[in-house]
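Engineer: return atomic coordinates for the entry below.
(chains A and B)
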Amino acid sequence: MRYAEWCIAAPTLEADIAAAAMGLDDIGHSRVLYGSLRELGTADVPDEPGSYANVPYLDRPWTDWTAFVAANGVLDSAFTLMIEGLAGCTVEVLRSRLKKMLQEERYHAMHGRSWMRESRAAADAEQARRDAIVWIGPEGGDVDDLHQKGILSLGVRDIRRRLDAQVPAAPASPAIDWKAWDPVRRRISPGGIDELTLGMLQGLAEKRYMPAGA
Amino acid sequence: MGFVRVHADVQEYEVFARKTRLEPLRQVGAVVAPDDELAMAYARATYDEERWVEMMIVPKAAVIQLWAPGEAEA
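Structural biologist: Coordinates of the predicted model:
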């Protein structure tokens, strides 16, 4: 949804179209992932503000194109690395469905890399990298556990190393204190997505326009 | 032809695609970008609405023109 917010606000018409296309791709990817989770027996979580497991970087709309660029170049790459880890795993339902997702993400990575080379996005990239590292989780945590069981083909160190190789422009941030890490929401800082976006995600904005009693 | 937009130095790329292996590639449009990677991302985002079996881009500067409209070979 954050990509979609830039589909008429990016610096060029081509970037507007790319923002819309990448937003649509990622909505499709979410549908595939949620569908796969359901098939694998994961229970639905209540649709409440506190249950959204988004990275803090997505809590608020981005006010500058550099924030978009850093999300595209760093966060999207981190998510793709996790998808790569799942696509190479032993769970058939994931192996078969994630290939198209990775093909589409290849173009997101190209878009992000190119804009990262041109934009002054270092501060945003540092925040995005930090949120990505926190989202991947601590060494010896659940990701490494899944890696050892063969469910993920990459462990935490592999994902971090590949992320830094793919986006060298993203500077390393200070050490992370994992004591406050929430393993469900995969974040350290409290808070959550803004009210307006939450209303759209939950269909509340849509209900305002429905006839009474519908 | 040179373009100046957000990027300091960009070039035009022609986009070619086809829907079946039997039909020839045809030009479906053009994009403007500072490098090949962004040009590929833009071409895919802009022209991927149809079910192409193949898509490629070519820097317009790499195209060698034999003659232009109005300059037909004698």
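Engineer: distance of B:A17 relative to chain A?
Structural biologist: To chain A, B:A17 is 15 Å away according to CB to the nearest CB, to the nearest Å. C-beta: built from backbone N, CA, C; applies to glycine.
Engineer: give me the number of residues near that residue?
Structural biologist: B:A17: 21 surrounding residues under other CB atoms under 10 Å in any protein chain shown.
Engineer: right, and it touches B:V28 too?
Structural biologist: Yes: shown here, B:A17 and B:V28 form a contact pair, counting by CB atoms under 8 Å, at 4.9 Å.
Engineer: what do the two both touch?
Structural biologist: Here B:A17 and B:V28 share the contacting residues B:Y47, scored by CB atoms under 8 Å, 6 or more residues apart in numbering or on different chains.
Engineer: let me see the contact set for residue 7.
Structural biologist: Went with chain A since none was named. Residues in contact with A:C7 (CB under 8 Å, 6+ apart) are A:D16, A:I17, A:A19, A:A20, A:G23.
Engineer: other chain: chain B
Structural biologist: A:E118, B:A33, B:P34.
Engineer: also A:S96?
Structural biologist: With CB under 8 Å, 6+ apart, A:S96 has no contacts at all.
Engineer: which strand or helix spans it?
Structural biologist: helix A:92-118 (DSSP states H and E).
Engineer: after that helix comes which helix or strand?
Structural biologist: Next along the chain after helix A:92-118, taking DSSP H and E as the criterion, comes helix A:122-136.
Engineer: quick check: mean pLDDT across the helix or strand following that next one?
Structural biologist: Sequence order places helix A:142-148 as the next helix or strand after helix A:122-136, per DSSP H and E. For helix A:142-148, mean pLDDT rounds to 94.
Engineer: and helix A:142-148, which residues are buried?
Structural biologist: A:V143, A:D144, A:L146, A:H147 (16 or more other CB atoms under 10 Å in any protein chain shown).
Engineer: equivalent analysis for stretch A:22-29, please.
Structural biologist: Residues A:M22, A:G23, A:D25, A:D26, A:H29 are the ones in stretch A:22-29 that count as buried (16+ other CB under 10 Å).
Engineer: can you put the residues you listed in a markdown table and add pLDDT?
Structural biologist: Formatted as a markdown table, these follow (pLDDT from 0 to 100):
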| residue | pLDDT |
| --- | --- |
| A:M22 | 97 |
| A:G23 | 96 |
| A:D25 | 94 |
| A:D26 | 94 |
| A:H29 | 92 |
